[in-house]
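Q: sequence below, structure please.
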Amino acid sequence: MPPMLNRDDLHAATAPLNRARSMPAGFYTDPAIFAAERQQILLKRWFFLAREEQVPNPGDYLTFDTAGGPVILIRGQDGKARVFANYCRHRGSILVEGEGNCSRIVCPYHAWSYLSDGTLYGCPDMKDAEGFDRTENGLVPLRMESWAGFIFATYNRDAPALIDCLGDLPRRMASHKLNDMACTWRITLAPNCNWKLILENAMETYHTGVVHKDSVGAQQSRTLPTQGDWLCIQVISGRSIATLPGTQPPPFPAIDGLDDDARQGTYFTVIHPSLQFAVAQDCMWWLNVTPLAHDRSLLEIGGCFPKQTLDDPDFEAKAKPYYDRWELVGREDVGILEKQQKALGSVAYKPGPLSWRDDQVQAIGIWVLDQLEGRMPG
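A: Below you'll find the predicted structure:
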């Protein structure tokens with residue numbers, strides 16, 4: 001049990017749902033809790049970076065902030081994508097920012113340069129350095145694996161294989177054919193709130209009729225059983241909810257061959273520790289949360305459509321209602337979560353009772369506590 005959290009509060013937070021209370025404020029506001037999460041969870045687990053098609057050509061790169069520092073995803077001249085820590089092996093400068101294409105990665109500080117496979121290429125004025133070995137001073141690689149075109153990385157060389165962590169998620173999403181989709185849109189927000197608040201909010205429909213009353217409106221969901229390191233609810237709707245309710249019908253048709261379960265609505269998932277896939281009848285979008293501090297996060301929202309949908313000559317016009325919905329709802333959520341983070345800082349804060357609609361909120365908190373080596377007081 002994390003020593004920073006009160007035992008009685010944890011008893012209440014992990015009790016059966018009908019008598020459970022929310023997590024204590026320190027779960028979201030204590031820098032020591034965040035430090036423990038970083039070491040025990042964020043640096044040990046897989047985190048999502050991008051889709052394969054976002055770096056289609058040799059030399060294409062994307063850069064990211066992560067809980068373990070800046071990284072670069074780059075497509076090598078051999079066609080293979082790789083992930084490296086984004087710093088120069090000389091004195092630690094950031095190498096590249098944003099996204100682009102390069103034949104070599106050149107440090108902007110002292111012009112050390114690297115090939116796209118991480119090999120050190122140029123190192124001016126190092127010929128007299130005793131014991132200097134080029135082969136030992138290439139970029140530092142991270143372990144990388146892909147599933148259905150989604151690229152993940154981890155700092156942990158001993159982490160279980162990505163596919164093992166995903167459990168039965170690939171089977172649940174099989175009829176959506178996610179491997180045949182392509183990313184067409186992304187936006188990054190910077191919420192001033194704890195990373196867990198974002199995920200908790202994304203896994204309950206209790207708030208939608210209030211926070212989103214003028215956008216998506218009230219929603220109902222069911223919780224689905226899962227195997228592996230993920231959680232799932234399904235928002236019930238016979239049509240895609242990836243556009244606002246006033247858009248009738250959704251501009252794009254449902255994916256051919258959806259199974260009966262998938263036709264019932266949109267899957268909202270948490271892939272532990274910090275990623276949501278929302279998979280609708282006609283598309284999917286993600287909420288990729290990057291924890292930066294106990295009260296700061298990054299939130300990337302990205303959207304994908306079946307590749308054949310992109311062939312529609314009116315694709316951009318038809319896709320705009322999806323983009324508008326994803327951004328609007330994302331900003332509405334960030335607004336309320338920043339207020340929640342501020343309120344959790346009150347010295348008078350006391351955890352409140354949970355609703356039956358908060359079952360996945362509780363599940364996320366219990367999972368985090370389990371990773372911090374024990375959720376139940378002795």
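Q: and the residue nearest to the spatial centre of the chain, helix, strand or coil?
A: Here the mean C-alpha position of the chain is nearest to the C-alpha of N288 (Cα atoms, centre = their mean), at a distance of 2.3 Å. Following DSSP: H, G, I helix; E, B strand; the rest coil, N288 is assigned to strand.
Q: list the contacts of the nearest residue to it once chain neighbours are set aside.
A: In space, N288 comes closest to E300 once its chain neighbours are excluded; the distance is 4.4 Å by Cβ to Cβ, 6 or more residues apart in numbering. Quick note: C-beta positions are derived from backbone N, CA and C, even for glycine. Shown in contact with E300 (Cβ atoms under 8 Å, 6 or more residues apart in numbering): R186, I187, T188, L189, W286, L287, N288, T290.
Q: re earlier: thinking the residue nearest to the centre of the chain is in contact with G303, fair?
A: No - counting by Cβ atoms under 8 Å, N288 does not reach G303; the two are 11.9 Å apart.
Q: so where is the protein shaky, pLDDT-wise?
A: Low-confidence segments of the chain, defined by pLDDT under 70: 1-4, 374-378.
Q: scan it for its longest helix.
A: helix 315-344 (DSSP state H).
Q: for it, which helices and strands make contact with it?
A: helix 26-29, strand 181-189, helix 195-202, helix 208-211, strand 284-293, strand 296-306 (3 or more Cβ pairs under 8 Å, 6 or more residues apart in numbering; DSSP states H and E).
Q: what ranges do the helices span in the stretch 51-200 of the chain?
A: 162-166, 169-172, 195-202 (DSSP state H, counting those that start in this stretch).
Q: what's the angle between the last one and helix 315-344?
A: Yep, that's helix 195-202 we're talking about. When axes from the mean of the first three to the mean of the last three Cα atoms, to 10 degrees is applied, the directions of helix 195-202 and helix 315-344 differ by 120 degrees.
Q: who touches helix 195-202?
A: 27-28, 191, 207, 268, 270, 274, 276, 287, 289-291, 297, 299, 333, 336-337, 340-341, 360-361, 364-365, 368.
Q: try 7 Å this time
A: For helix 195-202, the external contacting residues (Cβ atoms under 7 Å, 6 or more residues apart in numbering) are 28, 191, 207, 268, 270, 274, 276, 287, 289, 291, 297, 299, 333, 337, 340-341, 361, 364, 368.
Q: what of the shortest one?
A: The list of residues contacting helix 169-172 from outside it, by Cβ under 7 Å, 6+ apart, reads W147, G228, W230.
Q: run a quick neighbour tally on the last one.
A: Applying other Cβ atoms under 10 Å, we find 20 other residues in the vicinity of W230.
Q: state the distance from it to F268.
A: 11 Å (Cβ to Cβ, to the nearest Å).
Q: specify the beta-bridge partners of the residue nearest to N288.
A: Counting by DSSP bridges, E300 forms beta bridges with T188, N288.
Q: check E145 too.
A: Beta-bridge partners of E145, as defined by DSSP bridges: F152.
Q: coming back round to it: what's the angle from the longest helix of the chain to strand 284-293?
A: 30 degrees.
Q: tell me the angle of helix 315-344 relative to strand 181-189?
A: 40 degrees.
Q: please state the offset of helix 315-344 from the chain centre?
A: 15 Å (Cα atoms, centre = their mean, to the nearest Å).
Q: the domain parsing of the chain - what is it?
A: 7-45+167-371, 47-158 (automatic domain parsing).
Q: quick one: end-to-end distance for the longest one.
A: The distance separating the two terminal residues of domain 7-45+167-371, taken as Cα to Cα, to the nearest Å, comes to 17 Å.
Q: again with the last one
A: Between the start and the finish of domain 47-158 there is a gap of 14 Å, counting by Cα to Cα.
Q: check which residues of stretch 235-252 are buried.
A: Within stretch 235-252, the residues that count as buried by 16 or more other Cβ atoms under 10 Å are V235, S237, R239, S240, I241, A242, T243, L244, T247, P250, P251, F252.
Q: same question, stretch 205-215
A: T205, Y206, H207, T208, V211, H212, S215.
Q: and the furthest pair within those?
A: Largest separation among the buried residues of stretch 205-215 by Cβ to Cβ: Y206 and S215, giving 15.8 Å.
Q: who does V270 bridge with?
A: Taking DSSP bridges as the rule, V270 bridges to L231.
Q: so it touches T226, yeah?
A: No - V270 is beyond contact range of T226, at 9.6 Å (criterion: Cβ atoms under 7 Å).
Q: looking at the two, which is more packed in?
A: Applying other Cβ under 10 Å to V270 and T226 shows that V270 carries more neighbours, namely 25 against 17.
Q: which residues sit in contact with the more buried one?
A: Residues in contact with V270 (Cβ under 7 Å, 6+ apart) are L199, M203, W230, L231, Q276, I364.
Q: nearest to R19 among those?
A: Out of those, the member with the shortest distance to R19 (by Cβ to Cβ) is I364, at 18.7 Å.
Q: the stretch 51-200 of the chain: strands as residue ranges?
A: 60-64, 71-75, 81-85, 99-101, 105-106, 113-114, 120-122, 143-147, 150-154, 181-189 (DSSP state E, counting those that start in this stretch).
Q: summarise which helices and strands the fifth one is packed against.
A: This points to strand 105-106. Applying 3 or more Cβ pairs under 7 Å, 6 or more residues apart in numbering; DSSP states H and E, one finds that strand 105-106 contacts strand 113-114.
Q: the strand it packs on pairs with which strands?
A: The pairing partners recorded for strand 113-114 under DSSP bridges are strand 105-106 (antiparallel), strand 120-122 (antiparallel).
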